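J.: Sequence first, then the predicted structure, then my questions.
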Amino acid sequence: MVEKTDDELLVEEFSRGDETAFDRIVERYSTGVGALANRLLGWPGEVEDVSQEVFLAAYLGLKRFRGECSLKSWLFTITMNKCRSHRRRQLLRLRTSSQVADKAKPPSAQTASTNPMDAETFNRVRNAVGALPAKYREPVVLRYIEELGADEIARILGISQNALHVRLSRARKHLKQHLDSRME
Amino acid sequence: MKNMKEDELKNLLQEIDRMAGQPGSTRVDVSSVRRRANRRRLTYRAGPAAAAAVVMIALSIWSTSIRTPGPMDEQKQIASLESQVRQLQASTNAAMNLIHEVLENERRQSQLDKLEAELASIPDPLEEIQRQVDETAFILVYQADRLHRELNDTESAVETYKRVIKLFPRNQWATVARERLSQIEDS
């Protein structure tokens, strides 16, 4: 008999009506979801709303979760979709108000003083990643920062592994163009 | 070469991520998630019911308008329509009551959550007193240190150290004061 993972047990408990199972899921994954949202949105620093949306969608859909992928992958897929919607809304708001506000959180004094990278390079790279189209930015974040495996990323993005490699290669090319001096 | 570039990119991105730090807050308000989920479920349920009611009314009006009934038929139809409208009114009222009830519960729950949060934010009085004791003892030791080292007023410094030991015998700063006293005595 195949032993069930903690996550599977939590989902099962929730499906049976144990509401505290959801609390434990939030406790386990809220940091990871928040960090991923922060990275996908270009490190704005404030992602509480997106995290809230992710867990609302998870709460509404958890009973339909069939365990075809891990709970983490499933939550990451929701996070990605919510980040896409969030960016769309942001763009719409920017277009209507014609205001561009850079909400990026500056690096803290401690990290800035101990880190060899200066603020200008930080902003250059951050802007370069932020300027990537979503279909390139998402695999870059999942692969190089979240360090997920190719099969997991392909599943989260709903694409084949070949398509993933093509996107990563194009993303690298885009980034190289933006950061030529640094990459060469 | 390709791998090298990939590694370089990975290192660069991870460095950026470290510099950017963690997001300000990743706290998820689970009670708010539940409230919003319940509200959404209610909307999903009430929406189709309201739509069905509208369709039924429209169909009734349409079916009466295309017929050319006699006076008796007309009376029956009017009575039937009135009864349907009453039923619809009753079911709409029930749905509205349910919605009001859920919203009222949510409002109460929200107030309760706020009160709980306020209560949680009030510092424990005992901890607060302990903090103030620590602070006072620290200030006295600090002043005594200055008297001794900067102003060479050993007599006043010894007096202040002794006061700390007397007033706060079990505090960590009393231990420091004892150490200072023994250092002065040794010298």
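T.: Received the coordinates, thanks. Residues are numbered from 1 along each chain as shown, chains lettered A, B, ... in the order given.
J.: the helices in chain B, which residues?
T.: B:2-20, B:30-66, B:71-121, B:125-149, B:154-167, B:172-186 (DSSP state H).
J.: name the helices or strands packed onto the shortest one?
T.: The reference is to helix B:154-167. Packing partners of helix B:154-167 (3 or more Cβ pairs under 8 Å, 6 or more residues apart in numbering or on different chains; DSSP states H and E): helix B:125-149, helix B:172-186. Any C-beta I mention is one placed from the backbone N, CA and C, and that applies to glycine too.
J.: Number of residues surrounding residue 162?
T.: Looking at chain A here, since you left the chain open. Other residues near A:Asn162 come to 10 when the count uses other Cβ atoms under 10 Å in any protein chain shown.
J.: wrong one, I was asking about chain B
T.: By the criterion of other Cβ under 10 Å, B:Lys162 has 14 neighbours.
J.: Regarding A:Pro44, what is its secondary structure?
T.: On the three-state scheme (DSSP: H, G, I helix; E, B strand; the rest coil), A:Pro44 is labelled coil.
J.: Verify the stated contact: it with A:Val50.
T.: No. If you go by Cβ atoms under 8 Å, A:Pro44 and A:Val50 don't touch, sitting 9.5 Å apart.
J.: Look at these two and report which has more neighbours.
T.: A:Val50 (24 against 19).
J.: residues touching that one, list them.
T.: By Cβ atoms under 8 Å, 6 or more residues apart in numbering or on different chains, A:Val50 lies in contact with A:Ala37, A:Leu41, A:Thr79, A:Lys82, A:Cys83, A:His86.
J.: Now with 10 Å, please.
T.: Counting by Cβ atoms under 10 Å, 6 or more residues apart in numbering or on different chains, A:Val50 makes contact with A:33-34, A:36-38, A:40-41, A:44, A:79, A:82-83, A:85-87, B:23.
J.: And for A:Asp7?
T.: Listed by Cβ under 10 Å, 6+ apart, the contact partners of A:Asp7 are A:Arg24, A:Ile25, A:Arg28, A:Tyr29, A:Phe65, A:Gly67, A:Ser70, A:Leu71, A:Lys72, A:Trp74, A:Leu75.
J.: Format those residues as CSV; extra columns: neighbour count, secondary structure and distance to chain B.
T.: Formatted as CSV, those follow (neighbours: other Cβ atoms under 10 Å in any protein chain shown; DSSP: H, G, I helix; E, B strand; the rest coil; distance: Cβ to the nearest Cβ, whole Å):
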residue, neighbour count, secondary structure, distance to chain B
A:Arg24, 16, helix, 10
A:Ile25, 24, helix, 10
A:Arg28, 16, helix, 11
A:Tyr29, 24, helix, 9
A:Phe65, 17, coil, 15
A:Gly67, 13, coil, 21
A:Ser70, 14, coil, 19
A:Leu71, 20, helix, 15
A:Lys72, 17, helix, 15
A:Trp74, 22, helix, 16
A:Leu75, 25, helix, 11
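J.: Show me what from chain B comes close to chain A.
T.: By Cβ under 10 Å from any Cβ of the partner chain, the part of chain B that sits against chain A consists of B:2, B:5-38, B:40-41, B:44.
J.: Type out the PyMOL command that picks the buried ones from these.
T.: Only the buried entries of these go into this PyMOL selection, using 16 or more other Cβ atoms under 10 Å in any protein chain shown:
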select buried, chain B and resi 9+12+13+15+16+17+19+20+21+23+26+28+29+30+32+33+34+35+36+37
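J.: Per-residue pLDDT of residue 59, please?
T.: No chain in the question, so chain A it is. Model confidence at A:Tyr59, given as pLDDT, is 92.
J.: my question was about chain B
T.: The predicted local confidence for B:Leu59 is 81.
J.: Also A:Ala101?
T.: Note on A:Ala101: pLDDT of 46.
J.: any weak-confidence spans in chain B?
T.: Counting by pLDDT under 70, the low-confidence segments of chain B come to B:1-4, B:25-26, B:64-71.
J.: what's the answer for chain A, then?
T.: Scanning chain A for pLDDT under 70 picks out A:1-4, A:97-118, A:181-184.
J.: Tell me which residue of it lies closest to chain B.
T.: Closest to chain B within chain A is A:Gly34: 2.9 Å, counting by Cβ to the nearest Cβ.
J.: Alpha carbons of the strand or helix carrying that residue, as CSV, please.
T.: For A:Gly34, the host element (DSSP states H and E) is helix A:20-40. Only the C-alpha atoms of helix A:20-40 are listed here, as CSV (Å, rounded to 0.1, in the frame of the first residue of the first chain):
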residue,chain,number,x,y,z
THR,A,20,-8.2,23.2,10.8
ALA,A,21,-6.5,21.2,8.0
PHE,A,22,-6.7,24.4,5.9
ASP,A,23,-5.1,26.4,8.6
ARG,A,24,-2.2,24.0,8.6
ILE,A,25,-1.9,24.2,4.8
VAL,A,26,-1.7,28.0,5.1
GLU,A,27,0.9,27.8,7.8
ARG,A,28,3.0,25.4,5.7
TYR,A,29,2.8,27.2,2.4
SER,A,30,2.1,30.9,3.0
THR,A,31,5.8,31.9,3.1
GLY,A,32,6.6,30.0,-0.1
VAL,A,33,3.6,31.3,-1.9
GLY,A,34,4.4,34.9,-0.7
ALA,A,35,8.0,34.5,-1.8
LEU,A,36,7.0,33.2,-5.3
ALA,A,37,4.5,36.0,-5.8
ASN,A,38,7.1,38.6,-4.8
ARG,A,39,9.5,37.2,-7.4
LEU,A,40,6.9,36.8,-10.1
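J.: I appreciate the help and will end here.
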